[in-house]
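A.B. asks: Okay, predicted coordinates and the sequence, questions at the end:
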Amino acid sequence: MFEHFFQCPYCWEEISMLLDPSILHQTYVEDCEVCCNPIEIHSKFENQELVSFDAMNLEQ
């Protein structure tokens, strides 16, 4: 598992998520651990390294 730190698009607090580098492309929704708002997560791995990560506000 790969721990990735980023800012919540709602409350701007730094949070972390565990990502599985064996899954090359991931898209899912997870609630912020601080403000509980839903965040759409997009991640991409190549050669076991994170090459792309987006955390998007679902209420835009």
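C.D. replies: In hand now; what should we look at?
A.B. asks: how close does the residue lying farthest from the centre of the chain get to residue 12?
C.D. replies: The outermost residue of the chain relative to its centre, with distances by C-alpha atoms, centre = their mean, is residue 47 at 18.7 Å. Plainly put, residue 47 is 31 Å away from residue 12 if you go by C-beta to C-beta, to the nearest Å. C-betas here are computed from N, CA, C, even on glycine.
A.B. asks: repeat for residue 40
C.D. replies: For residue 40, the distance to residue 12 - C-beta to C-beta - is 17 Å.
A.B. asks: These two - which one has more neighbours?
C.D. replies: Higher neighbour count among residue 40 and residue 12: residue 40, with 15 against 9, using other C-beta atoms under 10 Å.
A.B. asks: now the more buried one, nearest residue through space, not along the chain?
C.D. replies: The shortest distance from residue 40 to any non-neighbouring residue, by C-beta to C-beta, 6 or more residues apart in numbering, is to residue 56 (4.4 Å).
A.B. asks: pLDDT score assigned to the one you found?
C.D. replies: pLDDT recorded at residue 56 is 96.
A.B. asks: Check which helices and strands the helix or strand it falls within is in contact with.
C.D. replies: Per DSSP states H and E, residue 56 falls inside strand 49-57. With contacts defined as 3 or more C-beta pairs under 8 Å, 6 or more residues apart in numbering; DSSP states H and E, the packing partners of strand 49-57 are strand 2-7, strand 38-46.
A.B. asks: neighbouring contacts of it?
C.D. replies: 2, 4, 6-10, 19, 21, 37, 39-45 (C-beta atoms under 8 Å, 6 or more residues apart in numbering).
A.B. asks: Tell me how far that strand lies from the chain's centre.
C.D. replies: Counting by C-alpha atoms, centre = their mean, to the nearest Å, strand 49-57 is centred 6 Å from the centre of its parent chain.
A.B. asks: give the contact list for the residue nearest to the spatial centre of the chain.
C.D. replies: Centroid-nearest residue in the chain: residue 41, 4.2 Å away (criterion: C-alpha atoms, centre = their mean). Shown in contact with residue 41 (C-beta under 8 Å, 6+ apart): 17, 26, 27, 28, 29, 30, 53, 54, 55, 56.
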